[in-house]
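**Q** sharing a model prediction with you, sequence too.
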Amino acid sequence: MTSFRVTLAAVCAVFFGLSAVVGAASAQPSDAAQDLCSKEGLMRLVPQLRNADGNFQVPDPTKDLAAFLAAQQGLSNAIDMILAQAHATGDPYAVAAGRNAPLTFGAHWRAAEIGIQTDGRTIGFADADFAAYGGRSFLEGLRPIERSDGVFYAIEAGGGYPALVYPMPTVLPCVNRLYLAADNTVGSWPPPTYALGPEAGGEAFLIVNICQDLGTGTTLSGGETVLGPDAMLILAFQWADTDDMAPYRTDADAHQH
């Protein structure tokens with residue numbers, strides 16, 4: 001009888017152990033890649049993107065910095081890992097022969113961000129109180145550049161074009177890498193910076209980015225603009241200012257890079 005009980009206990013241990021392994025394996029990398037294509041999926045992938053009402057919301061860094069960082073860094077790292085898994089198992093010949101169409105981008109955006117800057121002598125904040133939430137993004141006015149066939153975008157503001165944006169498709173149809181060049185701050189978006197949309201060629205609904213500025217423009221008395229020393233680092237989300245995101249609009253002053 002003792003031997004039977006020991007054997008039965010061992011069988012049960014193996015069964016429940018296998019059940020745990022199977023349960024853990026049920027969330028496949030392909031599932032995670034698909035979760036990047038919708039707000040509902042992102043809430044499964046990054047729990048901090050689900051608010052108390054069960055709706056998609058970027059955490060407000062002015063109220064909960066830890067949740068904002070967990071979402072911003074967690075999503076960035078998750079996208080990095082999902083891309084790495086796709087690269088490891090993909091066929092480079094197929095990738096080269098059939099690229100995904102780039103995402104498209106609307107003109108209206110909102111931002112959540114934290115940032116810090118220095119002129120080499122003092123430390124300050126990119127926003128008045130270190131963080132900002134829900135204000136108009138500096139991407140407001142983003143439009144495709146004529147004759148570029150949607151390859152390049154420009155931010156149109158104040159009668160000029162202060163920055164250029166290039167969305168580069170990846171092996172994941174819902175994910176683009178984003179590159180930015182600013183005319184007056186030597187600003188750029190270093191990796192990891194990604195845009196997410198519903199499908200290849202679809203309209204982007206979320207950007208998770210890092211921004212670095214390496215100078216600041218100063219206008220001289222003669223009207224000439226020169227760059228002075230200034231360094232800035234910003235961690236941010238930008239989201240498309242659509243009707244479903246209207247509850248998160250504010251009058252906050254997001255940094256205009």
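**A** Arrived safely, thanks for sending. Residues are numbered from 1 along each chain as shown.
**Q** in contact with Y166, which residues?
**A** Y166 makes contact with 151-153, 178-180 under the criterion C-beta atoms under 8 Å, 6 or more residues apart in numbering. For the C-beta atoms, the positions are set from N, CA and C on the backbone; glycine is no exception.
**Q** tell me which element it falls in.
**A** The secondary structure element spanning Y166 is strand 160-169 (assigned by DSSP states H and E).
**Q** how far away from the center of its chain is that strand?
**A** When C-alpha coordinates are averaged (C-alpha atoms, centre = their mean, to the nearest Å), strand 160-169 and its chain have centres 16 Å apart.
**Q** adjacent strands (with direction) for that strand?
**A** In its sheet, strand 160-169 lies beside strand 153-157 (antiparallel), strand 175-182 (antiparallel), with partners assigned from DSSP bridges.
**Q** can I get those strands in JSON lines including mean neighbour count?
**A** Rendered in JSON lines, the data for the strands paired with strand 160-169 read as follows (neighbours: other C-beta atoms under 10 Å):
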{"stretch": "strand 153-157", "mean neighbour count": "19"}
{"stretch": "strand 175-182", "mean neighbour count": "20"}
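**Q** contacts only, for Q34.
**A** Applying C-beta under 8 Å, 6+ apart, we find Q34 in contact with 41, 174.
**Q** does it sit in a helix, a strand or a coil?
**A** Reducing the assignment at Q34 to three states with DSSP: H, G, I helix; E, B strand; the rest coil gives helix.
**Q** and L49, its phi and psi?
**A** Here the main-chain torsion angles of L49 (degrees, to the nearest 10) amount to phi -90, psi 0.
**Q** dump the residue contacts of it.
**A** Applying C-beta under 8 Å, 6+ apart as the definition, the contact partners of L49 turn out to be 39, 42-43, 56-59, 71, 75.
**Q** give me the subset of these that lies in helices.
**A** Secondary structure of the contacts of L49 is defined by DSSP state H; positions in helices are 39, 42-43, 71, 75.
**Q** and those, which are buried?
**A** Buried by 16 or more other C-beta atoms under 10 Å: 39, 42-43, 71, 75, out of those.
**Q** same list, those, but as a markdown table with pLDDT and distance to Y248 please.
**A** Shown next, in a markdown table, are these (pLDDT from 0 to 100; distance: C-beta to C-beta, whole Å):
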| residue | pLDDT | distance to Y248 |
| --- | --- | --- |
| K39 | 98 | 12 |
| L42 | 98 | 15 |
| M43 | 98 | 15 |
| A71 | 98 | 14 |
| L75 | 98 | 17 |
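**Q** those into TSV, with extra columns for distance to K63?
**A** Formatted as TSV, those follow (distance: C-beta to C-beta, whole Å):
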residue	distance to K63
K39	20
L42	20
M43	19
A71	13
L75	19
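**Q** from those, which is closest to R143?
**A** K39 (24.0 Å; C-beta to C-beta).
**Q** show the pLDDT at the residue lying closest to the closest one once chain neighbours are set aside.
**A** For K39, ignoring the flanking residues on the chain, the nearest one in space by C-beta to C-beta, 6 or more residues apart in numbering is F56 at 3.9 Å. In this model, F56 is scored at 98, pLDDT.
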